[in-house]
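Chemist: Kindly generate the corresponding structure for this input.
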Amino acid sequence: MARLASLARGHGLPPVTVISGAPYGFRHRARLAIRGRVGAPKLGMFELGSHRLVHIPRCRVQHPLINRVAAVVRGALIDARVSTYSERAHLGLARYLQVAVERGSQSAQIVIVANSATSEPLAAFMELIRERLGGQLHSLWFNANQGRSNVILGEAFEHWCGPASVVERFGGAAVHYPPGAFGQSNLEIAQAIIEQIGEQIPQGARVAEFYAGVGAIGLSVLARVSALTMNEVAPQSLHGLDLALSALGAADRAKVSVVPGAAGGALAAAVGAQVVVADPPRKGLDPQLLEWLCDEPPERFLYISCGLEAFIRDLARLTGSGRLRLCALDAFNLFPFTDHVETVARFERA
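Modeler: The predicted model follows:
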């Protein structure tokens, strides 16, 4: 926070406000590693800088349903005698558990990631999960990951049961999250960020959004805009976006266009936009997009950053030419008990 405070002072802004939410039970998404032995599995997270698993059966920051799912999955692993994965030997089936809790239904989308090409060796185990969770199960998926790497999800998903996506609303149109799409774990603070972005988009504006994901921001502000162009590169996120767009009414659907591909190669999406929104990964803005924003600054640029180092670097370039000025800076506490904050910055054409 000291560095953000210094940035604010340097640009003549008031002290940075930190928006926080509930410190416990806030995580609606989790990815837990599965390790251990047959009959004695462990589900949890690796110690920092290692692959030593810490079993976390009752994590206080997770939604209670995630803890319930982890307990059911552990019990099903034991009863079905499913082997757990070993990195060293590259043997064993169960590798990871991914859980996403849908707020509206209070049910869990579950993905079992396994060192197997198909779900066949896990059929009895998967059925135990389905039976034991009952109405608390939103959907169940198998994901094949036979690679020797730290990548959690493989490319292939097999649908076992339930709806195709978790559906959330952040004050606007429904937002769809297929199991492979990125979603924020702290939905209370994610909603606060989206609401603040919406308040900074003038009524009737033409908007371009880069790194749009499944469209959580754009779809939530759709009622305010006259036209919305969204850019995204990840196939699973584009699938979620397609599910959401297909559910829109004709008038709203006519407002929206999608430009797939990397942000740096999709600059045409921003042509004619009065407001540009970008929510890049930790590495920051693609160089081509950064240069375009400097050379052809929109009336307003809203930058949501999850990587402070990249944001500071991009900020220097954006304001260095004198064509954009930093007008507002806020921080959102997405991960209580850590020093990480999500930064939301508003730039105006000078």
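Chemist: Leu248: what's its closest spatial neighbour, skipping adjacent residues?
Modeler: Leaving aside its sequence neighbours, Leu248 sits nearest to Ala173 (C-beta to C-beta, 6 or more residues apart in numbering; 6.2 Å). (C-beta placed from N, C-alpha, C; glycine too.)
Chemist: Next one, pLDDT for the residue nearest the centre of the chain please.
Modeler: What sits nearest the mean C-alpha location of the chain, by C-alpha atoms, centre = their mean, is Gly183, with 2.5 Å. As predicted, Gly183 sits at a pLDDT of 96.
Chemist: Now do the SS call for it.
Modeler: Here Gly183 is recorded as coil under DSSP: H, G, I helix; E, B strand; the rest coil.
Chemist: The nearest residue to it once chain neighbours are set aside bridge partners, please.
Modeler: With C-beta to C-beta, 6+ apart as the criterion, Gly183 has its nearest non-adjacent residue at 4.8 Å, and that residue is Tyr177. Assessed by DSSP bridges, Tyr177 has beta-bridge partners Val166.
Chemist: can you tell me how far the residue nearest to Leu248 sits from Leu187?
Modeler: 16 Å (C-beta to C-beta, to the nearest Å).
Chemist: And for Pro280?
Modeler: Distance, Pro280 to Leu187, using C-beta to C-beta: 20 Å.
Chemist: What of Ser321?
Modeler: From Ser321 to Leu187 the distance is 37 Å (C-beta to C-beta).
Chemist: More neighbours: which of those two?
Modeler: More crowded of Ser321 and Leu187, by other C-beta atoms under 10 Å: Leu187, with 21 against 12.
Chemist: Test my guess that the more buried one contacts Arg27.
Modeler: No. If you go by C-beta atoms under 8 Å, Leu187 and Arg27 don't touch, sitting 9.2 Å apart.
Chemist: Could you tell me how far the helix or strand that contains Ala254 lies from the centre of the chain?
Modeler: Assigned by DSSP states H and E, Ala254 belongs to helix 250-255. Centroid displacement of helix 250-255 relative to its chain, using C-alpha atoms, centre = their mean, to the nearest Å, is 25 Å.
Chemist: Would you report the backbone torsion angles of the residue nearest to the centre of the chain?
Modeler: Main-chain torsions, Gly183, degrees, to the nearest 10: phi -150, psi 150.
Chemist: do the same with Gly322
Modeler: Per degrees, to the nearest 10, the backbone of Gly322 is at phi 80, psi 0.
Chemist: Number of residues surrounding the nearest residue to it once chain neighbours are set aside?
Modeler: Nearest non-adjacent residue to Gly322, counting by C-beta to C-beta, 6+ apart: Ala350, 5.9 Å away. By other C-beta under 10 Å, 10 other residues sit near Ala350.
Chemist: do the same with Pro23
Modeler: 11.
Chemist: That one touches Ile189, doesn't it?
Modeler: No. Pro23 lies out of contact with Ile189 (C-beta under 8 Å); the separation is 11.3 Å.
Chemist: how far is stretch 273-281 from where the chain is centred?
Modeler: So, by C-alpha atoms, centre = their mean, the centroid of stretch 273-281 is 16 Å from its chain's centroid.
Chemist: Same check on stretch 94-101?
Modeler: In terms of C-alpha atoms, centre = their mean, the centre of stretch 94-101 is found 15 Å from the chain centre.
Chemist: Over to stretch 315-322?
Modeler: That offset, for stretch 315-322, works out to 28 Å (C-alpha atoms, centre = their mean).
Chemist: Check which residues of stretch 203-211 are buried.
Modeler: Buried residues in stretch 203-211, defined by neighbour count with 16 or more other C-beta atoms under 10 Å: Ala205, Arg206, Val207, Ala208, Glu209, Phe210, Tyr211.
Chemist: now the first one: how far from Ile197?
Modeler: Here Ala205 is placed at a distance of 12 Å from Ile197 (C-beta to C-beta).
Chemist: Kindly report the same for the last one.
Modeler: Note on Tyr211: its distance to Ile197, by C-beta to C-beta, is 13 Å.
Chemist: ditto for the fifth one
Modeler: Taken as C-beta to C-beta, the spacing of Glu209 relative to Ile197 amounts to 9 Å.
Chemist: list the residues that contact both of these two?
Modeler: Ile217, Val277 (C-beta atoms under 8 Å, 6 or more residues apart in numbering).
Chemist: Tell me the helices and strands packed up against the helix ranked longest in the chain.
Modeler: Identified as the longest helix of the chain according to DSSP state H is helix 64-79. When contacts are defined as 3 or more C-beta pairs under 8 Å, 6 or more residues apart in numbering; DSSP states H and E, helix 64-79 sits against strand 29-37, strand 40-46, strand 94-102, strand 107-114, helix 123-133.
Chemist: Good, wrapping up.
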